[in-house]
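S.K.: Sequence and predicted structure below; questions after.
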Amino acid sequence: MSLLNETLEKIQPLNEEIMKKSKVRVDDLLKPVGSLGVLEEIAVQLSGISDEMFPDVSKKAMLVFCGDHGVFEEGVAAAPQEVTDLMAQMVVAGKSGVAVLCKQAGADVFVCDVGMISEIDPKSKILDKKIRKGTSNMRKGPAMTRDEAIASLEAGIDVAGRAIKNGYNILGTGEVGISNTTPSAAIFSAFSGVDPGELVGAGANLSEEKMVNKAQVIRDAITLNKPDKNDAIDVLAKVGGFEIGAMAGAMLAGASYKVPVLIDGFISTAAAAIAIALKPEVKGYLICSHASAERGAAFGSEFIGAKPFLNMGMRLGEGSGAAIAFNIVEAALYMNREMATYSDVGLGVV
């Protein structure tokens, strides 16, 4: 049996029994019921994920997957493709947005190449899971083969699984890849039937004129490749990206090990759409960090039924929003574990 199938079979629904117990405790905390809002929801969700009232989420790992895209040649990105490699190096060096935000949150960052066009220096700290040097141009044919799509998912499963076995108990999903808002919009368009013009955004500061082109490129790719919305692997293969598949795999792995996984922005949400389509139960293990300012992000969150709890106008990607959210998730745990209850002080719930 393949690693993907083994992982899918291991994923179970959240533990409803302990969630009910956790909800009773959260409601009994020394505060008006519901007055700590999303923190209360996260605390209950963490219990259901882990089978524990007070799970440990102190050992944090941000998994940043990197890949390039053949569709770049269609003029869908403002930045040169070499920026993918540059930013991967900056993440490793601790100098990128996600790197410094993870440092503040006490999270370790792991960078993995699943499809950059550049060669990795053997001395680099970048993990080498390269499937090939960039996807194919989806406007001219499938972005990847079905086997490559599965390989991208399994790369993410492997990297996340190793992190969890090394003691990490909460994961964030990030990415680096010039042009990757294009396959992300294409994935949502393929799944939903929504016109790409409603989903494409500026990415790395793309002009309005080029956004019109970007939408048409996606329309052409979907018309040519005919991705099957009922087959998530087909959607990933036809119009996806290697780093998107890897993030989806990391989400599946987290669910299979009962470890929470933070969704970042638009691209990470597209990966979540793939993961949820493969195994609907995975949704319960995902925590949606922030409302990305990237056009299409609000639709993406709504499509997967996620409720971002941070809204700061961010659209950097890389995992930057998820990095900030590590702090919020840990705060929810502290709230549930450390606060006194009405029962402790001999009063009824207010």
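M.R.: Cool, got the structure. Everything numeric in this text was worked out from a predicted model, so none of it was measured. Residues are numbered from 1 along each chain as shown.
S.K.: After the helix or strand of the chain with the lowest mean pLDDT, which helix or strand is next?
M.R.: One helix or strand of the chain scores below all others by mean pLDDT, DSSP states H and E: helix 208-225, with a mean of 93. For helix 208-225, the following helix or strand on the C-terminal side (DSSP states H and E) is helix 232-239.
S.K.: Next, the angle from that next one to helix 208-225.
M.R.: In terms of direction (axes from the mean of the first three to the mean of the last three CA atoms, to 10 degrees), helix 232-239 departs from helix 208-225 by 120 degrees.
S.K.: Put the alpha carbons of the next helix or strand after helix 232-239 into PDB.
M.R.: Helices and strands here follow DSSP H and E; after helix 232-239, the next one along the chain is helix 242-256. The C-alpha trace of helix 242-256 is given here as PDB (Å, rounded to 0.1, in the frame of the first residue of the first chain):
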ATOM      1  CA  PHE A 242       4.400  20.600  -6.300                       C
ATOM      2  CA  GLU A 243       4.500  22.800  -3.200                       C
ATOM      3  CA  ILE A 244       0.700  22.900  -3.000                       C
ATOM      4  CA  GLY A 245       0.600  19.100  -3.100                       C
ATOM      5  CA  ALA A 246       3.300  18.900  -0.500                       C
ATOM      6  CA  MET A 247       1.400  21.200   1.900                       C
ATOM      7  CA  ALA A 248      -1.700  19.100   1.300                       C
ATOM      8  CA  GLY A 249       0.300  16.000   2.200                       C
ATOM      9  CA  ALA A 250       1.600  17.700   5.400                       C
ATOM     10  CA  MET A 251      -2.000  18.400   6.400                       C
ATOM     11  CA  LEU A 252      -2.900  14.800   5.800                       C
ATOM     12  CA  ALA A 253       0.100  13.600   7.900                       C
ATOM     13  CA  GLY A 254      -0.900  15.900  10.700                       C
ATOM     14  CA  ALA A 255      -4.400  14.500  10.800                       C
ATOM     15  CA  SER A 256      -3.100  11.000  10.700                       C
END
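S.K.: what is the orientation angle of helix 242-256 with helix 232-239?
M.R.: Using the same axes, to 10 degrees: helix 242-256 against helix 232-239 is 160 degrees.
S.K.: mean confidence score for helix 242-256?
M.R.: Confidence over helix 242-256, taken as the mean pLDDT, stands at 98.
S.K.: For the helix or strand that that helix is followed by, name the packing helices and strands.
M.R.: Sequence order places strand 261-263 as the next helix or strand after helix 242-256, per DSSP H and E. Secondary-structure packing of strand 261-263 (3 or more CB pairs under 8 Å, 6 or more residues apart in numbering; DSSP states H and E): strand 170-176, helix 242-256, helix 266-278, strand 286-288, helix 320-338. Heads up, the C-betas are built off the backbone N, CA and C, glycines and all.
S.K.: Packing partners of the least confident helix or strand of the chain?
M.R.: Against helix 208-225 (3+ CB pairs under 8 Å, 6+ apart) you get helix 181-192, helix 232-239.
S.K.: average pLDDT for stretch 77-92?
M.R.: Stretch 77-92 comes out at a mean pLDDT of 95.
S.K.: Pull out the buried residues from that stretch.
M.R.: 77, 79, 81, 83-85, 87-92 (16 or more other CB atoms under 10 Å).
S.K.: The least confident helix or strand of the chain vs helix 181-192, what angle?
M.R.: 50 degrees.
S.K.: can you list the helices and strands packed on helix 208-225 in JSON lines and add distance to Phe303?
M.R.: Listed next are the helices and strands packed on helix 208-225 as JSON lines, based on distance: least, CB to CB, whole Å:
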{"stretch": "helix 181-192", "distance to Phe303": "6"}
{"stretch": "helix 232-239", "distance to Phe303": "13"}
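S.K.: where does the closest residue to Asn336 other than its chain neighbours land in three-state SS?
M.R.: What sits nearest to Asn336 in space, not counting adjacent residues and going by CB to CB, 6 or more residues apart in numbering, is Ala43, at 4.0 Å. Classification of Ala43 using DSSP: H, G, I helix; E, B strand; the rest coil returns helix.
S.K.: I'd say Ala43 and Tyr334 touch.
M.R.: No: applying CB atoms under 8 Å, one finds Ala43 not in contact with Tyr334, separated by 9.2 Å.
S.K.: measure Val57 to Ala237 for me?
M.R.: 34 Å (CB to CB, to the nearest Å).
S.K.: Looking at these two, which is more packed in?
M.R.: Neighbours were counted for Val57 and for Ala237 using other CB atoms under 10 Å; Ala237 has more, 25 against 21.
S.K.: Spit out the contact partners of Ala160.
M.R.: Contacts of Ala160 were listed using CB atoms under 8 Å, 6 or more residues apart in numbering, and they are 63, 171, 249-251, 253-254, 261.
S.K.: Try it again at 7 Å.
M.R.: The contact partners of Ala160, taken as CB atoms under 7 Å, 6 or more residues apart in numbering, are 63, 171, 249-250, 253-254.
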